[in-house]
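**Q** sharing a model that was predicted from the sequence below.
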Amino acid sequence: MNKTQQFNQLLNLADNALIIGHRCSEWCGHGPVLEQDIAISNIALDYIGQARNFYQAAATLINEDPEMLTGFVLPATEDSLAYLRDQREFRNHLITELPNGDWAVTTLRIFLFSAYQYFLYTQLKDSGDLSVNAIAEKALKEVTYHVKWSADWVIRLGDGTEESNRRIRHAVDHLWAYTGELFLQESELQQQWLQKVQLVFEEAGLVIPEKTWMHQGGTSGNHTEHLGFILAEMQFLQRAYPGSQW
Amino acid sequence: MSFHTNKYYYGDYGEAKNGAADISAKGSAKEEWPLWEIFIRSKQGLDHKHVGSLHAADAAMAIENARDVYTRRMEGVSIWAVESKYIHASNPDEAGALYDPANDKVYRHPTFYDLPDEVKYM
Amino acid sequence: MEKTSEAFFQDKIDREIRIEPKDWMPEKYRQTLIRQISQHAHSEIIGMLPEGNWITRAPSLRRKAILLAKVQDEAGHGLYLYSAAETLGISRDEMYEQLHSGRAKYSSIFNYPTLSWADIGVIGWLVDGAAIMNQVPLCRSSFGPYARAMVRVCKEESFHQRQGFEILLTLSRGTEAQRSMAQDAINRWWWPSIMMFGPKDDESPNSVQSMKWKIKRFSNDELRQKFIDVTAEQVKVLGFTLPDPNLKWNKARGHYDYGAINWDEFWQVIQGNGPCNKERLEARKKAWEEGEWVRAAASAYTTKKNKRNTTVAA
């Protein structure tokens, strides 16, 4: 992997964590029960922490070799990368930017995505890339808990009441089309992920949808309409008061 | 017997001017998740200590919730959760009979014994 | 001669022995505590909303993480307090019901809007500062579970005020626009903050009973004065001003004098006419109602699972 690819990968990892963390943080103060409000805020905090680590690694990389890519505010910082890029430059997967919907969509999204992160981070922590080894190792512990927490909810909702079952099935239909983008090539990662999903779905009484159309574009900057609104909100102060310290 | 407490506390604006009605306890209509008592071991080698309580649908959730609620600042390495209804407590009215008799048994404490300073390691 | 339960209870209070849930207590003591602790808990939960507004708009990732952790702490504090109240024989659901129906109250301060990022700094500095001043003595409240909850709250709260002051310090050293943003926020929050301590002492005659019970130990005016004295000095470090032309050091009293508080506004807000009363309560009700099916699903799942386990065992 050359430096540009490495940089893009770091941005993808960071943007994913930031955007899904942003979505989780929207629940803070609005959760279905106090204990779960606290739980999902913890998950949001983990994600924002991961994003910061990946952005810092990306910033270091581009600051060492400013000629590498154009169009970035230099010297880059975690904040310049998060707050001063527009949506076409974001590299997150589409599934992270979709609105929270109800608790079923929320927990299923976290499950599908954190299971992907779990296997990805497991690979990254032992990869040759020193810039991500340590970050992935720390993040893996966090994500392990996210997977457990969210899988528990998927199972509860699937095997709970008629209403919760209806809602989680709807969530599967809605989100499944955004999972293909996580695995653009057939890979071992995809097999591991699919196995985990199958296991949890089985316990929840859910069925993996037949082959469907899969949306893609996030990693090349072709996003849904939702990302623009997230960024408008998130970047507002940095854009309205350029160059200020906060 | 009735008391008038017109003192206003923080977060407490009394009952007089705000139309706050009776807030005494009544039976709850919908079924609430049960209450759990949480005990946390702060580090290996120490006892689990009661830290508080929380609501959860089942034991697994109680432990996860306890992790999120009571160990946000690295307060623990191990969690016990016990559904509150299974805690049996001694009766405070019997406190006298239960604990006072230990009062005059000072000879159970090492400091009761007067030994010369020359005696070491005892 | 046998002491009455009442006298025995008061004797414990006088000797600074904590009252525990199963101990005998006068019914009015129980009621007062339920009201105070639940209102305190509601304040924490409603208090998440004005600041929660800015989590998605925080101007840096560091600030975002801090703010999220802080608002989450408030959920934790609400939880500790609800738990303390539950030891008195009221359920959390009942307390929610009282909040949602408007029968229970919460701190008036959270009915004001957070209009700029500087408000987050000011809430940390002034609102949390006032809260801490109120809460530290509560760690010695005569009711054990309340006192223990407050010890935990105060320990966690200590970073809240500092992060608020740090936000303002950064703004004070920033651009002209940032400085005026901060001064504007101070202007809007100052009076509501000092109202947080509640009505003047002479308008809330302190009954002998309530002090005797040692649920709380200082009067509203005592705490308010202490807060004003401390804050009037801190504001100098920031280079901002407090919006009270009558704020002056009184050498004879050894305290700052301050202007008249608009108590009409205070009571209007308490009674539901503050700028954000409706939004705050609606947001909580919505979260609760939309969470109903989630809570029911978890309960149903547990019931099914327990039944399955019993079947397997049998």
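**A** Right, received. Where do you want to start?
**Q** that's a strand at B:His50, yeah?
**A** Yes - if the criterion is DSSP: H, G, I helix; E, B strand; the rest coil, then B:His50 is within a strand.
**Q** number of nearby residues for it?
**A** Neighbours of B:His50 under the rule other CB atoms under 10 Å in any protein chain shown: 13. For every residue, glycine as well, the C-beta is placed using N, CA and C.
**Q** wait, what's in contact with it?
**A** Contacts for B:His50 were tallied using CB atoms under 8 Å, 6 or more residues apart in numbering or on different chains; they are B:Glu37, B:Ile38, B:Phe39.
**Q** show me the contacts for the first one.
**A** Read that as B:Glu37. For B:Glu37, the residues meeting the contact criterion (CB under 8 Å, 6+ apart) are B:His50, B:Gly52, B:Ser53, B:Ala81, B:Val82, B:Glu83, B:Ser84, B:Ile87.
**Q** what about chain C, any weak spots by pLDDT?
**A** Low-confidence segments of chain C (pLDDT under 70): C:1-3, C:203-211, C:216, C:313-314.
**Q** out of the contacts of B:Glu37, which is most surrounded?
**A** Comparing the contacts of B:Glu37 by number of neighbours (other CB under 10 Å), B:Ser53 comes first, having 26 neighbours.
**Q** what secondary structure does that residue sit in?
**A** Assigned by three-state DSSP, the conformation of B:Ser53 is strand.
**Q** the residue nearest to it when sequence neighbours are not counted: which element?
**A** The shortest distance from B:Ser53 to any residue other than its chain neighbours is 4.6 Å, reached at C:Ser83 (CB to CB, 6 or more residues apart in numbering or on different chains). In the assignment (DSSP states H and E), C:Ser83 maps to helix C:61-86.
**Q** quick check: angle from that helix to strand B:48-55?
**A** Angle, helix C:61-86 to strand B:48-55, by axes from the mean of the first three to the mean of the last three CA atoms, to 10 degrees: 90 degrees.
**Q** C-terminal to helix C:61-86, what's the next element?
**A** Next in sequence after helix C:61-86, counting helices and strands by DSSP H and E, comes helix C:92-100.
**Q** skip ahead from that following helix and say which helix or strand is next.
**A** Remark: after helix C:92-100, the chain's next helix or strand is helix C:117-122, criterion DSSP H and E.
**Q** and the contacts of the helix or strand following that following helix?
**A** Towards the C-terminus, the helix or strand next in line after helix C:117-122, according to DSSP H and E, is helix C:128-138. Here helix C:128-138 makes contact (CB under 8 Å, 6+ apart) with B:10-11, C:109, C:146-147, C:150, C:153-154, C:157-158, C:160-161, C:164, C:193-194, C:196-197, C:216-218, C:223, C:226-227, C:230-231.
**Q** again, but for stretch A:79-89
**A** For stretch A:79-89, the external contacting residues (CB under 8 Å, 6+ apart) are A:11, A:14, A:18, A:51, A:55, A:58-59, A:71-73, A:221-223, A:227-228, A:231, A:234-235, A:238-239, C:59-61.
**Q** rerun that using 7 Å as the cut-off
**A** Stretch A:79-89 is contacted by residues A:14, A:18, A:55, A:58-59, A:73, A:221, A:223, A:227-228, A:231, A:235, A:238, C:60-61 when judged by CB atoms under 7 Å, 6 or more residues apart in numbering or on different chains.
**Q** can you check stretch B:79-86 too?
**A** Contacts with stretch B:79-86, where a contact means CB under 7 Å, 6+ apart, come from B:34-40, B:48, B:53, B:59, B:62-63, B:66-67.
**Q** among the residues you listed, name the buried ones.
**A** B:Pro34, B:Leu35, B:Trp36, B:Glu37, B:Ile38, B:Phe39, B:Ile40, B:Ser53, B:Ala62, B:Ile63, B:Ala66, B:Arg67 (16 or more other CB atoms under 10 Å in any protein chain shown).
**Q** can the helix or strand bottoming out on mean pLDDT in chain B be found next to chain C?
**A** For chain B, the helix or strand with the lowest mean confidence is helix B:95-99, at a mean of 71 (criterion: mean pLDDT, DSSP states H and E). No - taking CB under 7 Å from any CB of the partner chain as the criterion, helix B:95-99 and chain C are apart, separated by no less than 8.9 Å.
**Q** could I have the CA atoms of that helix written out in CSV?
**A** Output for helix B:95-99, consisting of C-alpha atoms alone and laid out as CSV, is shown next (Å, rounded to 0.1, in the frame of the first residue of the first chain):
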residue,chain,number,x,y,z
ALA,B,95,-30.6,-3.3,65.8
GLY,B,96,-30.3,-3.0,69.6
ALA,B,97,-30.6,-6.7,70.2
LEU,B,98,-28.4,-7.6,67.3
TYR,B,99,-25.5,-5.3,67.6
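**Q** chain center to that helix, what's the gap?
**A** A distance of 19 Å separates the C-alpha centroid of helix B:95-99 from that of its chain, computed with CA atoms, centre = their mean, to the nearest Å.
**Q** just the angle between the helix ranked longest in chain B and helix C:61-86, please?
**A** Using DSSP state H to define each element, chain B has its longest helix at helix B:59-70. When the same axes, to 10 degrees is applied, the directions of helix B:59-70 and helix C:61-86 differ by 120 degrees.
**Q** contacts for helix B:59-70?
**A** Counting by CB under 7 Å, 6+ apart, helix B:59-70 makes contact with A:35, A:38-39, A:42, A:149, A:152, B:36, B:38, B:40, B:51-52, B:54, B:56, B:76, B:79, B:81, C:76, C:79, all of which sit outside it.
**Q** what about the residues you listed, which are in helices?
**A** Using DSSP H, these in helices are A:Glu35, A:Ile38, A:Ala39, A:Asn42, A:Trp149, A:Asp152, C:Gly76, C:Leu79.
**Q** between the two ends of stretch A:214-225, how far is it?
**A** Distances were taken as CA to CA, to the nearest Å; on that basis the terminal residues of stretch A:214-225 are 17 Å apart.
**Q** from the buried ones among the contacts of stretch B:79-86, which two are the most distant?
**A** Spatially, the most separated pair among the buried ones among the contacts of stretch B:79-86 is B:Pro34 and B:Ile40, at 19.2 Å (CB to CB).
**Q** so which strand or helix has the residue nearest to A:Asp102 when sequence neighbours are not counted?
**A** Ranked by CB to CB, 6+ apart and with sequence neighbours excluded, the top spatial neighbour of A:Asp102 is A:Arg167, at 6.0 Å. Assigned by DSSP H and E, A:Arg167 belongs to helix A:162-176.
**Q** other residues contacting stretch A:16-31?
**A** Under the criterion CB under 7 Å, 6+ apart, external residues in contact with stretch A:16-31 comprise A:37, A:40-41, A:43-44, A:47-48, A:50-51, A:54, A:82, A:92-93, A:96-97, A:100, A:106, A:113, A:230, A:234, C:48-49, C:52, C:55-56, C:68, C:71-72, C:283, C:287, C:291.
**Q** what about these, which are in helices?
**A** Using DSSP H, the members of these that fall in helices are A:37, A:40-41, A:43-44, A:47-48, A:50-51, A:54, A:82, A:96-97, A:106, A:113, A:230, A:234, C:48-49, C:52, C:68, C:71-72, C:283, C:287, C:291.
**Q** next up, the contacts around C:Asn53.
**A** Taking CB under 7 Å, 6+ apart as the criterion, C:Asn53 is in contact with C:Thr114.
**Q** with C:Ile109 as the reference, measure out to it.
**A** 14 Å (CB to CB, to the nearest Å).
**Q** swap in A:Leu140?
**A** Counting by CB to CB, the gap between A:Leu140 and C:Ile109 amounts to 42 Å.
**Q** which of the two has more residues huddled nearby?
**A** Neighbours per residue, other CB under 10 Å: of A:Leu140 and C:Ile109, the larger number sits with C:Ile109, 23 against 17.
**Q** mind checking which helix or strand A:Val132 is in?
**A** Secondary structure (DSSP H and E) places A:Val132 in helix A:130-158.
**Q** go through that helix and flag the buried ones.
**A** With the criterion 16+ other CB under 10 Å, helix A:130-158 contains buried residues A:131-132, A:135-136, A:138-140, A:142-143, A:145-147, A:149-158.
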